[in-house]
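[1] Fold the following, please.
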Amino acid sequence: REGCVANKVEHRGGVGVLDDAVDEDGSVFLVMELLEGETLEARCQRQGGRLAPADALVIIHALLDVLASPHQHGVPHRDVTPSNVFVTHEGAVKLLDFGIARLREPDSEAITGSVPGTLGTPGFMPPEQARGLWQELDARTDLWAVGAVLYRTLAGRSVHVGRTPSELLWYGLPIRLQTQ
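    Take a look at the predicted model:
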């Protein structure tokens, strides 16, 4: 499924899946294009925790361009993080890990994919994803995450900071006050 979704990107910033097969022991594997470079997270760490604003904006602009293609096909990535953004030695931006992206069928509310509940990276999830409102996830989900990635690259820390993944999810949830 990941290979099918990844190949739907149809953009030079998508990672091409060249083949898939099942090993003798029953393990499924993908053969993907070889990338040489580093993740955006590694680049931030190498440069002291953050990037210069001009460098961050070039990468974010390229990331938005990559996301436009799957969004046109109704496929939100749902896990845009600095670890899933890869910058090649030539400066090309590639979006990794379409493993939790879901294909939305036209004229249908059905979403295909893995079981909801543990999908995504808490520090980069919009509130609707943290709350498990799966039918509300769309391209805007990724745009929120891109904003969180930009914040991480400029500030040197995530939008939400917590001691555990669950605590990060709570920080992402809007607080609702009950009135009587």
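[2] What's the first helix or strand after the longest helix belonging to the chain?
    In the chain, assigned by DSSP state H, the helix with the most residues is helix 53-72. Sequence order places strand 85-88 as the next helix or strand after helix 53-72, per DSSP states H and E.
[3] and that following strand, which strands flank it?
    The strands beside strand 85-88 in its sheet (DSSP bridges) come out as strand 37-39 (antiparallel), strand 93-95 (antiparallel).
[4] okay if I get those as JSON lines plus mean neighbour count?
    Using the backbone N, CA and C atoms, a C-beta is placed for each residue, glycine as well. Below are the strands paired with strand 85-88 laid out as JSON lines (neighbours: other CB atoms under 10 Å):
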{"stretch": "strand 37-39", "mean neighbour count": "16"}
{"stretch": "strand 93-95", "mean neighbour count": "23"}
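[5] returning to what we had before: which helices and strands does the longest helix of the chain pack with?
    Helices and strands touching helix 53-72, by 3 or more CB pairs under 8 Å, 6 or more residues apart in numbering; DSSP states H and E, are strand 85-88, strand 93-95, helix 139-155.
[6] Next, the angle helix 139-155 makes with that helix.
    Using axes from the mean of the first three to the mean of the last three CA atoms, to 10 degrees, one finds that helix 53-72 and helix 139-155 are set 170 degrees apart in direction.
[7] Just the buried residues of helix 53-72, please?
    If you call a residue buried by 16 or more other CB atoms under 10 Å, then helix 53-72 has these buried ones: 55, 56, 59, 60, 62, 63, 64, 66, 67, 69, 70, 71.
[8] Pull the distance from that helix to the chain's centre.
    When distances are taken as CA atoms, centre = their mean, to the nearest Å, helix 53-72 is centred 12 Å away from the chain's centroid.
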